[in-house]
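[1] One predicted model, sequence on top.
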Amino acid sequence: MQVRYLVAVFAGVAALALADGAAAQSTGGGTGGTGNGRSTQVWGPNSGRTFAPVGRMTQSQYLFLYESESARRDSALNEQVLVQQHGAERVDLAYRVGALVDLGRCREARAMALDEGDRQMALRVRQTCRGL
């Protein structure tokens, strides 16, 4: 019997705490204001607050995020476009050379590119792997 009362009291206290927090948010508790009916900026680069609320962005931040992601998707080339622009042989060579560079075998990758006659790719390997 006492356990039921304890659980009921705990649930009631938790509900009151949640309701109090929701009421403070809905009434603007702690958000600040100028007193003239205009709201002030709560957080951002000029607010002076060091910790911004997690997950909240302004409309301009959402717009910037959308535009940058859209531009990234538009500029990303898929394999089909690469084959159309450069040919299947050069794309295949680039994948093989890139795999060697990822393994840290830069000298072999540069030699492979030079053997195939692709000086531009060999130069890129040398720029990527500074140890050559």
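    That came in fine, so what should we check first?
[2] Quick one: the helices in this structure, in order.
    For the chain, helices defined by DSSP state H occupy the ranges 2-26, 59-75, 79-86, 88-102, 106-115, 119-128.
[3] ok, and which of these has the densest surroundings?
    helix 106-115 (a mean of 17; mean count of other Cβ atoms under 10 Å). Just so you know, the C-beta spots here come from the backbone N, C-alpha and C atoms, and that holds for glycine as well.
[4] now the helices of the chain as JSON lines including mean pLDDT?
    Shown next, in JSON lines, are those (pLDDT from 0 to 100):
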{"stretch": "helix 2-26", "mean pLDDT": "62"}
{"stretch": "helix 59-75", "mean pLDDT": "84"}
{"stretch": "helix 79-86", "mean pLDDT": "84"}
{"stretch": "helix 88-102", "mean pLDDT": "93"}
{"stretch": "helix 106-115", "mean pLDDT": "95"}
{"stretch": "helix 119-128", "mean pLDDT": "93"}
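[5] For residue 73, see how far away residue 109 is.
    29 Å (Cβ to Cβ, to the nearest Å).
[6] ugh, typo on my part, it should be residue 94
    From residue 94 to residue 73 the distance is 21 Å (Cβ to Cβ).
[7] before we move on, what about residue 65?
    Residue 65 is 13 Å from residue 73, where distance means Cβ to Cβ.
[8] Residue 56 now?
    Distance of residue 56 to residue 73, given as Cβ to Cβ: 25 Å.
[9] Could you do residue 105 as well?
    Taken as Cβ to Cβ, the span from residue 105 to residue 73 is 32 Å.
[10] Repeat that for residue 81.
    Going from residue 81 to residue 73 by Cβ to Cβ gives 13 Å.
[11] which residues are common contacts for these two?
    Overlap of the contact sets of residue 81 and residue 73 (by Cβ atoms under 8 Å, 6 or more residues apart in numbering) is empty.
[12] contacting residues for residue 85?
    Residues near residue 85 by Cβ under 8 Å, 6+ apart: residue 77.
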